[in-house]
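K.L.:
Got a sequence here, can you model it:
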Amino acid sequence: MTKKYFEDLDVINKVFKEEEEESLPKPDMNKPVFKLYPKAAENVKAGKCATCGKEIKAKDFKDDLSKKEYGISGMCQKCQDDIFG
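P.N.:
Below you'll find the model as predicted:
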């Protein structure tokens, strides 16, 4: 019974994580910046920040505007803060 309980918890956690990550807009990989900087494009495709390479998590963004900016630039919250203040 205990093993089944933990397996069920794992499934529930995966579903919530997928829903959370789906709430982020996806950066447009056809933008010229991603053609000029293939490493940035590679990072974004792997779910990482275009600038620093840190793993992107929806919960790390301060607000909806920061999430929207991620959809534009592919930058994590820290990189956005560093660049935009």
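
K.L.:
Pull up the gap between Gly53 and Lys62, please.
P.N.:
Distance, Gly53 to Lys62, using C-beta to C-beta, to the nearest Å: 20 Å. (C-beta placed from N, C-alpha, C; glycine too.)

K.L.:
Who has more neighbours out of those two?
P.N.:
Ranked by neighbour count (other C-beta atoms under 10 Å), Gly53 and Lys62 place Gly53 first, with 14 against 10.

K.L.:
SS state for the closest residue to the more buried one other than its chain neighbours?
P.N.:
Nearest non-adjacent residue to Gly53, counting by C-beta to C-beta, 6 or more residues apart in numbering: Asn43, 5.2 Å away. Using DSSP: H, G, I helix; E, B strand; the rest coil, the structure places Asn43 in helix.

K.L.:
What does the most centrally placed residue in the chain show for phi and psi?
P.N.:
Nearest to the geometric centre of the chain sits Ile56, at 3.1 Å (C-alpha atoms, centre = their mean). Backbone torsions for Ile56, taken as degrees, to the nearest 10, come to phi -90, psi 130.

K.L.:
Do you know the pLDDT at it?
P.N.:
If you check Ile56, the pLDDT there is 97.

K.L.:
quick one: the helices in the chain?
P.N.:
Using DSSP state H, the helices of the chain run over residues 2-22, 32-36, 38-45, 64-73, 77-84.

K.L.:
which of those helices has the lowest average pLDDT?
P.N.:
Here the lowest mean pLDDT among the helices of the chain goes to helix 2-22, at a mean of 67.

K.L.:
now Lys48: how far from Val11?
P.N.:
Where Val11 is concerned, Lys48 sits at a distance of 26 Å (C-beta to C-beta).

K.L.:
Neighbour count: the two, which is higher?
P.N.:
Set Lys48 next to Val11 and count neighbours by other C-beta under 10 Å: Lys48 wins out with 17 against 10.

K.L.:
Done for today, thanks.
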